[in-house]
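Q: everything below, folded, please.
(4 chains)
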Protein chains: 2
Amino acid sequence: MLSAHEALAVVLQIRGGELCVLLWRRALPPCEGEWALPGGRLRADESLGASIRRQLAQKVDVRDLSHLEQLETRSDPERDPQRRTLATAYLGLVPAHIDPVVPDDTGWHPAADLPPMAFDHASIVRSGRRRLRSKLSYTNLGFALAPPEFTMSELSAHYRAALGHDVAATNLRRVLLRRGQIEETGRSVPSGRSGGRPAALFRFRARELEVTDAFAVLRPPVG
Amino acid sequence: MLSAHEALAVVLQIRGGELCVLLWRRALPPCEGEWALPGGRLRADESLGASIRRQLAQKVDVRDLSHLEQLETRSDPERDPQRRTLATAYLGLVPAHIDPVVPDDTGWHPAADLPPMAFDHASIVRSGRRRLRSKLSYTNLGFALAPPEFTMSELSAHYRAALGHDVAATNLRRVLLRRGQIEETGRSVPSGRSGGRPAALFRFRARELEVTDAFAVLRPPVG
DNA sequence: TCAAAAGTGTTCACCGTACACCCATGT
DNA sequence: ACATGGGTGTACGGTGAACACTTTTGA
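A: Okay, here's the model as predicted:
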């Protein structure tokens, strides 16, 4: 068959200590007034990855995207009541220190408390959150959430927001150092008004996705 | 745009102690004489999952499939030289004790040593192998490779074939029992001509995918 | 009685968590 | 001095791998 195909993106960023997703408000039917993921029709001569990058460029500066990966393809014939549409969803991440300029109809919403969502977009956001959560635990994907340099307190707050549970800065430091994900910059941040020891600044060693804890079980014999 | 969309499947089975993939030989151009993954065009009123099930039914009895999950969608405009075609790939698994009847043009090939493959199908097979390998380590996906009942020797041979490295039966038993993936049936298999203690028979407790080793790291605090 | 295969016990290294304690800084 | 937040040391529980040892069978 010939079907309409669109690319969508779950763009996530930590904002104000909370995991947020980029949504735009539909002004026209179907699903008028509901919130939707950015994206749109695939063109004849582009790949899905190129398509979602092109379409995101209308919402945010694509250079702000620290990571982009394919999530899944939705194909329920009823997912769009108007016409048959397949959608391939991507997960995009924006580092915490950036505040991209977005159009008037577009904004950031807490991923844990979504507004009324169009089509099956709410469940796609949940897929994106699950993917982020999983990959934070066995890859260096934290690089895509964190600013270029950060203290361990800041980083643990970002992990807390993304994972939805408390993450102790002291142990996070040891785990990520042992895995070689992060390193000290040598610089530090002066303590605030209330005193306290100055915090050391860290950076991620890589800005590409790497698996740092592959096959914790059923791993190959050392011999 | 309107584009052709097809569903493909990487159907894997352990055969003769080797991980094999189901392929059919193309009789017509493009890629005449090369081997391809089963699948084909998506119809107007079916989902991708329904489509791949329908099309696999022409190759194997779909009831033989113990597991089916979506892998990824390929969209390179050049992947099919004839016409623009998107393909959503699935991973299918067949338990080891079954020998499905397949058409004349279709057969099982070692996944580690593929024949000349059409389009991008070779790299899709590699994706399927990676997915299987990963999920064996943190889910109960072994249920989809193993027959209903098995000895630990047999099961470890299947894991060895799927993972590509040695897996000690003695430790596999402990790991899978501790995780609650398998249980003893109470029955056992008489030893062969060369003697040896009879082997106990086990079964998987579930036949649905379950994550049994979620978040080995960065897990929530117990408090 | 011996070989073969299954199963058990034990040791070891490693990892992540928890938590007590020490360090550096501002007031 | 003392409060505050960062950083270190350490102990604990859990896990998987390795391997020696025991059990159960056939010849």
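
Q: which neighbours in the sheet does the helix or strand bottoming out on mean pLDDT in chain A have, and how are they oriented?
A: The weakest-scoring helix or strand in chain A, judged by mean pLDDT, DSSP states H and E, is strand A:2-15 (a mean of 92). If you go by DSSP bridges, strand A:2-15 pairs up with strand A:18-25 (antiparallel), strand A:39-41 (antiparallel), strand A:85-94 (parallel), strand B:2-15 (antiparallel).

Q: how far off centre is the longest one?
A: Put plainly, it is strand B:2-15. With C-alpha atoms, centre = their mean, to the nearest Å as the basis, strand B:2-15 stands 12 Å off its chain's centre.

Q: what's the most buried one of the strands paired with strand A:2-15?
A: Among these, strand A:85-94 has the highest mean neighbour count (mean count of other C-beta atoms under 10 Å in any protein chain shown), at a mean of 25. The C-beta positions use only the backbone N, C-alpha and C, and glycine is treated the same way.

Q: now that one: average pLDDT?
A: The pLDDT scores in strand A:85-94 average 98.

Q: buried stuff in the helix or strand that comes right after that strand?
A: Using DSSP states H and E, the helix or strand that follows strand A:85-94 in sequence is strand A:106-110. Within strand A:106-110, the residues that count as buried by 16 or more other C-beta atoms under 10 Å in any protein chain shown are A:106, A:108-109.

Q: of those residues, which is the nearest to A:L172?
A: Nearest to A:L172 among these: A:W108, at 24.8 Å, using C-beta to C-beta.

Q: need the pLDDT of that closest one.
A: Confidence score, pLDDT, at A:W108: 97.

Q: before we move on, back to that, next, format the strands paired with strand A:2-15 as JSON lines and append distance to A:L155.
A: Below are these laid out as JSON lines (distance: least, C-beta to C-beta, whole Å):
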{"stretch": "strand A:18-25", "distance to A:L155": "14"}
{"stretch": "strand A:39-41", "distance to A:L155": "30"}
{"stretch": "strand A:85-94", "distance to A:L155": "15"}
{"stretch": "strand B:2-15", "distance to A:L155": "38"}
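
Q: got the CA positions of the least confident helix or strand of chain A in CSV?
A: Output in CSV follows, covering the C-alpha atoms of strand A:2-15 (Å, rounded to 0.1, in the frame of the first residue of the first chain):
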residue,chain,number,x,y,z
LEU,A,2,0.9,3.6,-0.2
SER,A,3,0.6,5.3,3.2
ALA,A,4,1.4,8.6,4.7
HIS,A,5,4.4,8.4,6.9
GLU,A,6,5.6,11.0,9.5
ALA,A,7,8.5,11.4,11.8
LEU,A,8,7.9,12.5,15.4
ALA,A,9,10.2,13.4,18.2
VAL,A,10,10.1,13.1,21.9
VAL,A,11,12.4,15.9,22.8
LEU,A,12,13.4,15.9,26.5
GLN,A,13,15.2,18.3,28.6
ILE,A,14,15.7,18.8,32.4
ARG,A,15,14.2,22.1,33.2
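
Q: wait, isn't A:A169 in contact with A:Y159?
A: No: A:A169 lies out of contact with A:Y159 (C-beta atoms under 8 Å); the separation is 9.0 Å.

Q: now do the phi/psi pair for the residue nearest to A:A206 when sequence neighbours are not counted.
A: Nearest non-adjacent residue to A:A206, counting by C-beta to C-beta, 6 or more residues apart in numbering or on different chains: A:N140, 5.9 Å away. As for A:N140, its main-chain torsions (degrees, to the nearest 10) stand at phi -90, psi 30.

Q: ok but A:L209 is inside a strand, no?
A: No: counting by DSSP: H, G, I helix; E, B strand; the rest coil, A:L209 is not part of a strand but coil.

Q: please parse chain A into its domains.
A: A:4-136, A:138-204 (automatic domain parsing).

Q: what's the closest of these to B:I124?
A: Proximity to B:I124, assessed across those by C-beta to C-beta, is greatest for domain A:4-136 (13.4 Å).

Q: does the closest one reach DNA strand D?
A: No: shown here: domain A:4-136 not in contact with DNA strand D (C-beta under 7 Å from any atom of the strand), separated by at least 13.8 Å.
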